[in-house]
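[1] I'll drop the sequence and a predicted model, then ask my questions.
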Amino acid sequence: MQRLLGLGLTTALGLVFAGEAVATEWNVSVWGKRRAFTEHIEKLAELVAEKTDGEFTMNVSYGGLSKNRENLDGISIGAFEMAQFCAGYHPDKNRLITVLELPFLGVENLDQEVAVSHAVYDHPAVQEEMAQWNAKLLMTSPMPQYNIVGTGEPRDSLEDFEGMRVRATGGLGEAFEAVGAVPTSVTATEAYQAMESGVVDTVAFAQHAHLSFGTINQADWWTANLNPGTVNCPVVVNIDAYEGLSDAEREALDSSVPEAIDHYLANYAELLKRWDEVLAEKEVEKVTISEEELAAFREKAADPIRQQWIEDIEGQGLPGQELYDLVSSTLEEAKASN
C-alpha cells in the first residue's frame with residue numbers, strides 16, 4: 001500500500017511538473033521606461049498571453065537584463081529571448097538595415113516607416129546578416145522624423161550648425177557632420193546628462209524620446225521641420241527560442257505583430273497631438289527652417305551620404321543598391337496607396 005501511495009504521489013508530481021513545463025516564459029530586454037517607443041512590445045506580450053491562455057508569457061525588462069548597446073549580443077548568446085535595439089548603436093553588426101537611417105529618404109509618416117522597414121527586414125540578405133547574431137527580425141519600432149532641441153539662441157541656418165555639438169547617431173550623425181556640426185553617439189539614456197553638462201548643445205530625437213529622456217526640460221527651442229531622417233530600431237527574437245516554440249505559440253506570436261504595430265501607431269498619434277501643448281507648457285520656442293536652408297542641407301547630406309553608403313556596402317559584397325532601390329520603390333507604393 002505504501003509503495004502504491006508513493007507511486008501515486010510520484011505520478012501526480014510528474015503531472016504537475018509536466019504541466020509547468022508546457023508553459024513558455026520569455027524575457028524581453030528594452031531600456032529606459034515604458035513609453036510610446038515600447039508600446040508595441042507591451043501590446044504584443046498582452047496579445048500572446050491572451051491567445052495562449054497564459055501559457056506563453058513575456059517579462060519586459062527596462063534595463064534589468066542588458067545595456068541597450070548590448071541587446072543584440074545578448075540575443076546572440078541566448079541571454080534573453082527578445083530584445084529591442086537601434087541600428088546606429090552598432091552599425092558594423094547590422095550593416096544592411098542602416099539603409100533605413102540614411103538622411104532625407106522622404107518618409108512622411110509612421111505608416112510609411114513601417115512599410116519600408118518591414119520590406120527591408122524581409123530581404124534575404126538582411127535576414128542572413130541578422131542570423132549571424134542568432135537574431136530574427138520580428139517588427140520595427142517606427143519613429144517619426146527626428147528634430148533637435150537645443151539651448152541658447154535658436155539655430156535655424158546651416159551657418160548656425162557649424163560647430164554645433166549634437167547627439168545624433170548613424171546616418172543622422174553623418175548628415176549633421178556634413179554641414180559642419182560635431183555629432184556624438186551617446187545613448188538615449190545618456191542624452192539628458194550630456195545636454196545638462198554641456199557635452200552637447202543639441203539633441204536629435206523623436207518627440208516621445210525628448211519627453212521620456214527629459215531633454216525637452218533642458219530645451220529653449222525645437223526645430224519643427226528639419227526632418228533629416230530617423231533611426232531604425234527593430235525588435236528581434238533569438239532564433240533558437242523562436243524555433244523552440246510550439247506551432248500554436250509561434251502562430252500566437254506572429255499573428256499578434258500587426259495588431260501590436262497598429263496599437264503603437266494609434267498611441268503615437270495621440271502623443272503627437274499633445275506635442276504642441278508640451279512645447280507651450282515648457283515655453284520651448286518652435287523654430288521653422290526655411291525651404292532654402294533645407295534644400296541646402298539635403299544637397300550637402302542626402303546624395304553624398306547615400307552614394308557613399310551604397311559604395312561601402314557593395315564593396316563588402318552586399319546588395320547596397322538593391323536595398324536602397326527597395327526602400328525607394330516601397331516608399332513610392334506606400335505613398336500611392338495613402
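    Structure's in. What do you need? Residues are numbered from 1 along each chain as shown.

[2] which stretches of this structure aren't confidently modelled?
    Along the chain, the model assigns pLDDT under 70 to residues 1-21.

[3] most centrally placed residue in it?
    residue 233 (2.0 Å; C-alpha atoms, centre = their mean).

[4] what helix or strand does it sit in?
    If you go by DSSP states H and E, residue 233 is not part of any helix or strand.

[5] who are the contact partners of the residue nearest to residue 305 when sequence neighbours are not counted?
    Nearest residue to residue 305, sequence neighbours excluded (C-beta to C-beta, 6 or more residues apart in numbering): residue 174, at 5.1 Å. Any C-beta I mention is one placed from the backbone N, CA and C, and that applies to glycine too. By C-beta atoms under 8 Å, 6 or more residues apart in numbering, the contact list for residue 174 reads 103, 183, 301, 305.

[6] so which of those residues sit within helices?
    301, 305 (DSSP state H).

[7] out of the contacts of residue 174, who's nearest residue 335?
    Each of those was scored against residue 335 by C-beta to C-beta, and residue 103 proved nearest at 18.5 Å.

[8] for the closest one, phi and psi?
    For residue 103, the backbone dihedrals (degrees, to the nearest 10) come out as phi -70, psi 150.

[9] pretty sure it contacts residue 304?
    No: look at residue 103 against residue 304 with C-beta atoms under 8 Å: they stay out of range, at 9.9 Å.

[10] looking at those two, which one has more neighbours?
    residue 103 (27 against 14; other C-beta atoms under 10 Å).

[11] got the end-to-end distance for stretch 80-88?
    Distance across stretch 80-88, first residue to last, is 21 Å (C-alpha to C-alpha, to the nearest Å).

[12] if you count neighbours, what's buried in that stretch?
    Of all the residues in stretch 80-88, those buried under the rule 16 or more other C-beta atoms under 10 Å are 80-88.

[13] turn those into JSON lines, including secondary structure and distance to residue 294.
    As requested, the buried residues of stretch 80-88 are arranged in JSON lines below (DSSP: H, G, I helix; E, B strand; the rest coil; distance: C-beta to C-beta, whole Å):
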{"residue": "80", "secondary structure": "coil", "distance to residue 294": "42"}
{"residue": "81", "secondary structure": "coil", "distance to residue 294": "43"}
{"residue": "82", "secondary structure": "strand", "distance to residue 294": "38"}
{"residue": "83", "secondary structure": "strand", "distance to residue 294": "35"}
{"residue": "84", "secondary structure": "strand", "distance to residue 294": "31"}
{"residue": "85", "secondary structure": "coil", "distance to residue 294": "30"}
{"residue": "86", "secondary structure": "coil", "distance to residue 294": "25"}
{"residue": "87", "secondary structure": "helix", "distance to residue 294": "24"}
{"residue": "88", "secondary structure": "helix", "distance to residue 294": "22"}
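
[14] for these, work out which two are farthest apart.
    In the buried residues of stretch 80-88, two members sit farther apart than any others by C-beta to C-beta. They are 81 and 88, at 23.6 Å.

[15] which residues does residue 287 bridge with?
    On the basis of DSSP bridges, residue 287 is bridged to residue 223.

[16] ok, it touching residue 220?
    No: in this structure residue 287 lies outside contact range of residue 220 using C-beta under 8 Å: 9.8 Å.

[17] quick check: neighbours shared by the two?
    With C-beta under 8 Å, 6+ apart as the test, residue 287 and residue 220 both reach residue 154.

[18] many thanks, I have nothing further to ask.
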